[in-house]
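Visitor: Turn this into a model:
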Amino acid sequence: MAAIKPGAMGSKANPNTKPPEFAGSMAEAMENALNDALSVDGIKPFVVNTNSQDARDRRRMLIAIAVGMVEYLKHNTDGLEILDALKKPTGESIVMNTDPNTL
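Guide: Residues are numbered from 1 along each chain as shown. From the prediction side, this is the model:
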């Protein structure tokens, strides 16, 4: 089972490459959705394959949102239920498998 990866900033060392801590994360999915929404409205999307100061400034908020969502869900799994095909609770519990390197 893959871990949920909220995302992280990574090192500033290489401003020309997206940090691996951000790549494939929930925050990256948010950044992609933001770019899609900008494009739909005819607004120039952000450059995403970089680690520039502009990218880091934008990503800081996305990472904070993603980490906050994961932390909230991890501590409130009792609010989630697993249902069978008839939409009846199975009694099974949900365990959040989070990437320990990003939380």
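
Visitor: where in the protein is pLDDT low?
Guide: 1, 100-103 (pLDDT under 70).

Visitor: Find the residue at the geometric middle of it.
Guide: residue 26 (1.6 Å; C-alpha atoms, centre = their mean).

Visitor: Isn't that one up against residue 70?
Guide: Yes - Residue 26 is within contact range of residue 70, at 7.1 Å (criterion: C-beta atoms under 8 Å). C-beta: built from backbone N, CA, C; applies to glycine.

Visitor: what sits against the spatially closest residue to residue 24 that is not a sequence neighbour?
Guide: Excluding its sequence neighbours, the residue lying closest to residue 24 (C-beta to C-beta, 6 or more residues apart in numbering) is residue 5, at 6.2 Å. Contacts for residue 5 (C-beta atoms under 8 Å, 6 or more residues apart in numbering) come out as 24, 25, 26, 98, 99, 102.

Visitor: roughly how far apart are the residue nearest to the centre of the chain and residue 3?
Guide: Going from residue 26 to residue 3 by C-beta to C-beta, to the nearest Å gives 11 Å.

Visitor: where along the chain do the helices fall?
Guide: 26-40, 53-74 (DSSP state H).

Visitor: Kindly reformat those helices as a markdown table containing distance to residue 12.
Guide: Formatted as a markdown table, the helices of the chain follow (distance: least, C-beta to C-beta, whole Å):
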| stretch | distance to residue 12 |
| --- | --- |
| helix 26-40 | 17 |
| helix 53-74 | 7 |
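
Visitor: What separation is there between residue 7 and residue 22?
Guide: 5 Å.

Visitor: So for stretch 10-24, what gets flagged as buried?
Guide: 10, 18, 19, 21, 22 (16 or more other C-beta atoms under 10 Å).
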